[in-house]
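Novice: Could you look at this predicted model? Sequence included:
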Amino acid sequence: MGFRFQRRIKVLRGISVNVSKSGVGVSVGGRGFHTGIDSKGRRYTSGSLPGTGLSWREYRKPSGGPPRSRLAIGIVVAFVIVVALIIMAGMLHSVR
């Protein structure tokens, strides 16, 4: 039996950064339904019935374009930069 590690960090309402053994991903949505990009760069849609343990996840078929891992890393880096800028702007605004 292998060990699993997964941690969801809520950045803004409805936006999460997901950290696992295999890397970092991003998801958008709330409890019961969300869509995102996993740590391997695969796009998915996921749904569940909260409190029941029932869930499903569907991966989208890849289309042409840059490799998914590079695309996912670029999206995550851009997302983190935007969030950092928003946080810094809020901190500067509260100082004044």
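Specialist: Thanks, I have the structure now.
Novice: neighbouring contacts of stretch 72-87?
Specialist: Residues outside stretch 72-87 that contact it (Cβ atoms under 8 Å, 6 or more residues apart in numbering) are Val11, Leu12, Val17, Val24, Gly25, Val26, Ile37, Asp38, Ser39, Lys40, Gly41. Just so you know, the C-beta spots here come from the backbone N, C-alpha and C atoms, and that holds for glycine as well.
Novice: Tell me which two in these are the farthest apart.
Specialist: The most widely separated members of these, counting by Cβ to Cβ, are Leu12 and Lys40 (23.8 Å).
Novice: Who has more neighbours out of these two?
Specialist: Just comparing Leu12 and Lys40: by other Cβ atoms under 10 Å the higher neighbour count belongs to Lys40, 13 against 10.
Novice: which SS state does the more buried one fall under?
Specialist: Under DSSP: H, G, I helix; E, B strand; the rest coil, Lys40 falls in the coil class.
Novice: Isn't it up against Ser22?
Specialist: Yes: in terms of Cβ atoms under 8 Å, Lys40 counts as a neighbour of Ser22; the distance is 6.5 Å.
Novice: element containing the spatially most central residue of the chain?
Specialist: Centroid check for the chain by Cα atoms, centre = their mean gives Val26 as the closest residue, at 1.4 Å. Per DSSP states H and E, Val26 falls inside strand 23-30.
Novice: What residues sit buried inside the lowest-mean-pLDDT helix or strand in the chain?
Specialist: Of all helical and strand segments in the chain, the minimum by mean pLDDT, DSSP states H and E falls on helix 68-95, at a mean of 76. Neighbour-count burial for helix 68-95, counted by 16 or more other Cβ atoms under 10 Å, picks out Ala72, Ile73, Val76, Phe79.
Novice: Run the chain-centre distance for it.
Specialist: 13 Å (Cα atoms, centre = their mean, to the nearest Å).
Novice: quick one: that helix to strand 23-30, angle?
Specialist: Angle of helix 68-95 versus strand 23-30, following axes from the mean of the first three to the mean of the last three Cα atoms, to 10 degrees, is 60 degrees.
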